[in-house]
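Engineer: next comes the sequence, and after it the predicted model I'd like to discuss.
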Amino acid sequence: MPNVTFVNETLAAYSDYAFRTAVVIYLVAMVLHLGEYARDRVSSVAVPVAVGAPAPISQPAGDTGRAKRSRAERFGRTAVALTILGAGLHVGSLALRGAAVLRWPWGNMYEFCSAICLVAVLGWLFVLRRTPAMRRVGAFVLLPVVVLLFLAGTVLYAQAAPVMPALRSYWLAIHVTAASISGGLLLVAGVSSALFLVRVRAPRDATDGFVALLPTRDTLDRVAYRLTVIAFPIWTFAIMTGAIWAEAAWGRFWGWDPKETVAFVAWVVYGGYLHARATAGWRNGGAAWVNVVGFAVMLFNLFFVNLVTAGLHSYAGVS
């Protein structure tokens with residue numbers, strides 16, 4: 001990668017504007033998803049009937065119950081539309097950042113977190129297209145996305161600038177892209193497994209309350225499993241390309257650096273999840289717990305290892 005020191009401040013500023021706007025739009029979309037959830041919960045509450053009283057007469061189309069359901073539907077559809085708009089601005093933010101510095105736009109923690117969250121949102125929209133029942137999970141997916149983007153835009157924010165010489169390699173695009181894609185998909189998978197565990201604690205015939213409005217256990221479990229099946233080989237590829245880059249940069253494939261070690265631990269945990277998911281007796285919660293642990297290890301690797309521990313990856317803030 002050439003030694004480029006030029007920075008287009010105008011494009012960098014537009015990138016920041018697009019990033020902040022996307023965060024606000026995601027936040028509004030999350031609130032609308034919560035509104036859909038709340039309206040659906042109100043609509044699902046049964047009206048108590050006194051003993052011996054006649055059964056309530058069903059109301060015609062256009063009644064209050066239908067109006068409530070229709071409003072919830074509008075909330076949900078608007079939230080999805082805003083999420084798509086936010087994703088478009090998010091893509092523009094990263095593209096403008098890359099154009100401003102003439103490099104791949106994930107050379108620091110700010111850019112890397114932004115890339116992971118973008119993949120998570122795009123992965124969520126893909127899941128939603130294939131499984132419309134997952135729309136009620138939208139608020140729970142957007143919550144960690146909004147939190148991560150807020151931290152990226154405040155605590156972790158870095159001005160647009162060329163990367164240091166050690167990172168001026170084509171392996172930055174290959175290795176960190178794979179890590180971003182797998183990390184974003186595993187975020188959605190982790191949320192799905194966490195909600196699956198919540199669903200498991202409720203009886204299957206639950207018809208009221210918070211849990212009753214979640215997708216079925218099978219739906220949540222299937223989404224988590226399929227996303228992990230896609231993300232796991234990509235994460236494996238990220239570790240392999242990281243080792244190759246390490247040999248080219250530092251003269252060894254593996255040195256048990258904190259970042260390398262925790263990345264390998266995450267790989268083992270997710271491999272254990274895929275094995276547990278295919279093992280009888282683990283599908284009712286055991287495998288999901290392993291998946292949630294894997295997601296926790298990924299977050300630990302992203303923040304604690306990058307920001308607290310000292311290692312060869314400390315200067316970069318990237319995988």
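Structural biologist: Received it, and whenever you're ready, just let me know what you need. Numbering: from 1, shown residues only.
Engineer: domains of this protein?
Structural biologist: Domain assignment of the chain by automatic domain parsing yields the ranges 7-45+66-102+134-162, 163-319.
Engineer: will you turn these into a markdown table that also has distance to residue 120, mean pLDDT and mean neighbour count?
Structural biologist: Any C-beta I mention is one placed from the backbone N, CA and C, and that applies to glycine too. Output for the domains of the chain, formatted as a markdown table (distance: least, CB to CB, whole Å; pLDDT from 0 to 100; neighbours: other CB atoms under 10 Å):
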| stretch | distance to residue 120 | mean pLDDT | mean neighbour count |
| --- | --- | --- | --- |
| domain 7-45+66-102+134-162 | 6 | 88 | 18 |
| domain 163-319 | 4 | 83 | 18 |
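Engineer: how about CSV for these, with distance to residue 126 added?
Structural biologist: CSV is the format used below for the domains of the chain (distance: least, CB to CB, whole Å):
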stretch, distance to residue 126
domain 7-45+66-102+134-162, 11
domain 163-319, 9
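Engineer: wait, which of those domains is closest to residue 123?
Structural biologist: domain 163-319 (4.9 Å; CB to CB).
Engineer: the closest one: how far from the chain's middle?
Structural biologist: Centroid separation for domain 163-319 versus its chain: 11 Å, with CA atoms, centre = their mean, to the nearest Å.
Engineer: what's in contact with stretch 141-161?
Structural biologist: Stretch 141-161 is contacted from outside by 7, 9, 11-12, 15, 19-20, 22-23, 26-27, 29-30, 33, 83, 97, 100-101, 108-111, 113-114, 116-117, 120-121, 124, 187-188, 191, 317, using CB atoms under 8 Å, 6 or more residues apart in numbering.
Engineer: which secondary structure state does the closest residue to residue 215 other than its chain neighbours sit in?
Structural biologist: Excluding the flanking residues, the one nearest residue 215 by CB to CB, 6 or more residues apart in numbering is residue 133, at 4.8 Å. Under DSSP: H, G, I helix; E, B strand; the rest coil, the three-state class of residue 133 is helix.
Engineer: likewise residue 103?
Structural biologist: Under three-state DSSP, the three-state class of residue 103 is coil.
Engineer: residues near the residue nearest to residue 215, how many?
Structural biologist: The tally of other residues near residue 133 (other CB atoms under 10 Å) stands at 13.
Engineer: ok, now which ones touch it?
Structural biologist: With CB under 8 Å, 6+ apart, residue 133 has these contacts: 215, 216, 219.
Engineer: now residue 180
Structural biologist: The contact partners of residue 180, by CB under 8 Å, 6+ apart, come to 106, 112, 115, 116, 119.
Engineer: how about the fourth one, what does it touch?
Structural biologist: Shown in contact with residue 116 (CB under 8 Å, 6+ apart): 148, 180, 183, 184, 187, 302.
Engineer: next: the first one.
Structural biologist: Remark: with contacts taken as CB under 8 Å, 6+ apart, residue 106 is in contact with 94, 112, 114, 115, 172, 176, 177, 180, 318.
Engineer: recalculate using a threshold of 7 Å.
Structural biologist: 112, 115, 176, 180, 318 (CB atoms under 7 Å, 6 or more residues apart in numbering).
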